[in-house]
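A.B. asks: Need coordinates for the below:
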Amino acid sequence: MTTESMTESTTSASLARRIPAHDRYPYSPITTRVGPTWPGGARLAVYVAVGIEDYHFGDGHTENLLDGVPTPDLVNTSWRDYGNRVGAFRLLGRLERLGIPPTVLLNTAVYDSAPDLIAEARRLGAEFVGHGISNSDSLVGLDEESERAYLSAVSARIEKEEGAAPLGWSSPWLSHTDNTLDLLGETGYGYLLDLRMDDQPTWLTTRSQPLLSVPYALELNDSTSMIGRHVGAAEFADMIIDEFDELLLAATPERPLVLSIVVHSFISGAPFRLRQLTRALEHIAARAGDDVWLTQPRDIHAVVHAALTTPEVTRHV
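C.D. replies: I've put the predicted structure just below:
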């Protein structure tokens, strides 16, 4: 090796070492893995998460349709309120008609502000995933003990109301601190819905115990796509259909995959969006059965957790 090539090699290695990285999950190409077996040998697990949220009036983070509305902002407030008064009931009813079990990303303040909606979700067998107290909140800026108390308070409220603590967590605004993943395991959560690094569940490294990341399609989310990027309702439905068809094509019984769809009561609960979302959900529900498992994240977690006792699966999941 010449002096010049040695210098180039040394420089490249030095630069590579300086590239910031995290240690929460290692690189793993999907082509090298075996996976846990979904029930009945299904190739694709599908869950639909409905964000049921509560916002502070005039304070904290908000999801707005119109920017620059002066205070008091009754316009954007009423747009969000439509979700818990109207939209969520229709969304949940549509899932019931199609045989899709609901997953609810729940702000626990909704127990107080819209108890009738909680009762309906409970009647339908919804899985309640911790999603903060209010969606005006963020984990950003919390010190470790304050964040631990916040995560514990959400879990305790759901346990009080439902008789069991939530297994899953999804952060308001997808926000995290350096401590979030560690604290989730320490406060009793078993999985996280926030990340899309893969089409299969991935174990995350924490300081106490592994935490499962269940795939969360950041773009099959009506907030990020339709409000944030102005994707139309029909285009959003086409995105869901294309994602479903492509994942079903890629999935095998030995390498099963996960499809997530995330919608919000005040966005996809609007009639013109619900009509298009229904078109996509009907396309998926028509394939339910041998190849497609319509499920909830807690059941995905249960299958993957059970696979920990199978060494050849543990190495790759």
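
A.B. asks: what helix or strand is residue 209 on?
C.D. replies: Per DSSP states H and E: residue 209 is located in neither a helix nor a strand.

A.B. asks: Once you drop chain neighbours, what's closest to it?
C.D. replies: Spatial nearest neighbour of residue 209, excluding adjacent residues (CB to CB, 6 or more residues apart in numbering): residue 185 at 4.7 Å. No exception for glycine: its C-beta is placed from N, CA and C like everyone else's.

A.B. asks: Which strands or helices does the helix or strand containing that neighbour pack on?
C.D. replies: Using DSSP H and E, residue 185 falls within helix 180-186. Helices and strands touching helix 180-186, by 3 or more CB pairs under 8 Å, 6 or more residues apart in numbering; DSSP states H and E, are helix 144-162, strand 211-213.

A.B. asks: what distance separates the helix or strand following that helix from the middle of the whole chain?
C.D. replies: Per DSSP H and E, the first helix or strand lying C-terminal to helix 180-186 is strand 191-192. On the basis of CA atoms, centre = their mean, to the nearest Å, strand 191-192 sits 9 Å off its chain's mean C-alpha point.

A.B. asks: Do you have the helices of the stretch 51-200 of the chain handy? List them.
C.D. replies: 74-82, 88-98, 110-113, 115-123, 144-162, 180-186 (DSSP state H, counting those that start in this stretch).

A.B. asks: number of nearby residues for residue 265?
C.D. replies: Counted with other CB atoms under 10 Å, residues neighbouring residue 265 total 28.

A.B. asks: Can you name the residues that contact the spatially closest residue to it that is not a sequence neighbour?
C.D. replies: Take residue 265 and drop its neighbours on the chain: the residue closest to it by CB to CB, 6+ apart is residue 83, 3.0 Å away. By CB atoms under 8 Å, 6 or more residues apart in numbering, the contact list for residue 83 reads 52-53, 264-267, 269.

A.B. asks: do you know how far residue 83 is from residue 203?
C.D. replies: 34 Å (CB to CB, to the nearest Å).

A.B. asks: Low-confidence stretches in the stretch 101-250 of the chain?
C.D. replies: Across the stretch 101-250 of the chain, nothing is flagged by pLDDT under 70.

A.B. asks: and residue 194, which of the helices and strands packed on helix 180-186 is closest to it?
C.D. replies: Smallest distance to residue 194 across these (CB to CB): 7.6 Å, for strand 211-213.

A.B. asks: Check which helices and strands the next helix or strand after the closest one sits against.
C.D. replies: Later in the chain than strand 211-213, the nearest helix or strand by DSSP H and E is helix 222. Judged by 3+ CB pairs under 8 Å, 6+ apart, the packing partners of helix 222 are strand 257-264.

A.B. asks: Lovely, talk soon.
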